[in-house]
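Student: quick one, structure for this:
(chains A, B, C and D)
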There are 2 protein chains.
Amino acid sequence: MANAATSKTGQGRTYGGQSSGERQADRRERLIRAAIATYGEQGYRRTTVADVCRTAGLTPRYFYESFANSEALLIAAYKEVTRIALDTLRAAASALEDAEPEARLEAMLSAYYTLLRERPASARVFVAEMSGISAAVDAAFEIGLSKFAKLLAQTSDPEWCETDEGALRKTGVMHGLLAIARSWIADECKAPIADIVAVALPFCRILIDRDAR
Amino acid sequence: MANAATSKTGQGRTYGGQSSGERQADRRERLIRAAIATYGEQGYRRTTVADVCRTAGLTPRYFYESFANSEALLIAAYKEVTRIALDTLRAAASALEDAEPEARLEAMLSAYYTLLRERPASARVFVAEMSGISAAVDAAFEIGLSKFAKLLAQTSDPEWCETDEGALRKTGVMHGLLAIARSWIADECKAPIADIVAVALPFCRILIDRDAR
DNA sequence: GCCAACTGATAATACCCATTTCCAGATTGG
DNA sequence: CCAATCTGGAAATGGGTATTATCAGTTGGC
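Tutor: Alright, predicted model coming up:
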């Protein structure tokens, strides 16, 4: 994926005070940031490689230095967005370390929807742009979702354990939560967070319901 | 959308024993059938207008006689698939007219997943191909889903009434059920129908839960 | 200061496909 | 039988964009 910066030495040299690797990493980051902003603005489907490069202040040449193709950047952008969201949820749960599981669950959901509202571009990438692009994107999306499901379940039920039969349920719950978020966002996040959390809660209860396990 | 068969008379004449309108309707149907088969086989994204026409035994000229563009055909194919599925669910519910609501709900779910397994092409169109194409397709998809939600809710709870707040929940439930179906199908429908229904049931209970309304 | 490694910008190159148009032959009504 | 209407097939047109290659100028090691 990453063409080493130069061909002969394989190392390159410093430039603008940065080593070859630093410069390349910097460009990669700029591309990811630009991707989130652009996908969030006009959607992945409508943005070209050239669009992202323009926003990043780079040229297509540098795009292919860091990413094999457009999809690879989408996946990278999604991973970045997911990483931030997971951190936020963990923080919300930690802040209520001694509270009831149900309260912690509510706190996480609340943090999640708040984050979506505060970062519209990231939100769009997260809830709306990862569907129907390709098998690779679908796979990356499912992996990200399952991380969320696991976090939600573990935090709200300390004795929760992963089982195979639970995988289907996890998938269903996460896509349900996503659809709720998508619909809420499509309506410009007009409904209060508390209302959205109330709608989302019963779905999470499915996740941690032991009777049905 | 439908260019009248001829330009001068506006009516056309019989040909091959069929009137102008009959021939056109026939071609339209063939295109829809071919679309379901082809989308089901290789996915909407990878099928070209020419592909569908080839399968239908027609030429692109006739495609544009009945559909404005590729998306319009996808929507028409989806509507056809949805129509059949809704009929099947209604029939399953009717067969248990006097049973408990919960039993009727189970029967509908069972009929639904059975249908998906029996018609893989239609299933793929229904659960996997309608995401991320365009706003028009998204809209058609949501309309179809809400019909299902309404049917499920009404049949399992005779006194069910539609409310605005319920819309979000309905969306979440339906997308949850869809994700379950998608995942099951991706695994070649290996799990027994009864297991899938068991996973799906709690989602439906959210739909008709009055406490949370 | 010199050469090779960098940089940004532009512009080929190449492919894919929707949509339209053309054509030669088949079919009909009168 | 004849002219108009229809048919299937194939090819022309046109737009869009991913991906690569080129180039003139800049920068850094030595």
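
Student: the residue most central in space within chain A sits in which helix or strand?
Tutor: Central residue of chain A (C-alpha atoms, centre = their mean): A:Thr82, 2.6 Å from the mean position. Secondary structure from DSSP states H and E places A:Thr82 in helix A:70-94.

Student: helices or strands next to that helix in the packing?
Tutor: For helix A:70-94, the elements it packs on are helix A:20-42, helix A:101-118, helix A:120-127, helix A:135-156, judged by 3 or more C-beta pairs under 8 Å, 6 or more residues apart in numbering or on different chains; DSSP states H and E. C-beta coordinates here come from the backbone N, C-alpha and C atoms, glycine included.

Student: how about A:Leu89, nearest residue that isn't a chain neighbour?
Tutor: Spatial nearest neighbour of A:Leu89, excluding adjacent residues (C-beta to C-beta, 6 or more residues apart in numbering or on different chains): A:Met108 at 4.8 Å.

Student: tell me who's in contact with that neighbour.
Tutor: Counting by C-beta atoms under 8 Å, 6 or more residues apart in numbering or on different chains, A:Met108 touches A:89, A:92-93, A:151-152, A:155-156.

Student: A:Glu97: neighbouring residues, count only.
Tutor: 7 (other C-beta atoms under 10 Å in any protein chain shown).

Student: can stretch A:46-53 be said to contact DNA strand C?
Tutor: No - Stretch A:46-53 stays clear of DNA strand C (C-beta under 7 Å from any atom of the strand), getting no nearer than 8.1 Å.

Student: contacting residues around that stretch?
Tutor: By C-beta under 8 Å, 6+ apart, stretch A:46-53 touches A:31, A:34-35, A:38-39, A:42, A:59-60, A:62-63, A:70, A:73.

Student: now swap in stretch A:76-96 and tell me
Tutor: Identification of contacts with stretch A:76-96 by C-beta under 8 Å, 6+ apart yields A:32, A:35-36, A:39, A:67, A:103-104, A:107-108, A:110-112, A:115, A:122, A:125-126, A:130, A:137, A:140-141, A:144, A:147-148, A:151-152, A:155.

Student: from those, which would you call buried?
Tutor: A:32, A:35-36, A:39, A:67, A:104, A:107-108, A:110-112, A:115, A:122, A:125-126, A:130, A:137, A:140-141, A:144, A:147-148, A:151-152, A:155 (16 or more other C-beta atoms under 10 Å in any protein chain shown).

Student: okay, now the domains of chain A?
Tutor: In the domain annotation for chain A, the residue ranges read A:20-68, A:74-208 (automatic domain parsing).

Student: including mean pLDDT and distance to B:Asp195, could those go into JSON lines?
Tutor: Formatted as JSON lines, these follow (pLDDT from 0 to 100; distance: least, C-beta to C-beta, whole Å):
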{"stretch": "domain A:20-68", "mean pLDDT": "95", "distance to B:Asp195": "35"}
{"stretch": "domain A:74-208", "mean pLDDT": "93", "distance to B:Asp195": "8"}
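
Student: distance to DNA strand D for those - can I get that in TSV?
Tutor: Listed next are the domains of chain A as TSV, based on distance: least, C-beta to the nearest atom of the strand, whole Å:
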stretch	distance to DNA strand D
domain A:20-68	3
domain A:74-208	11
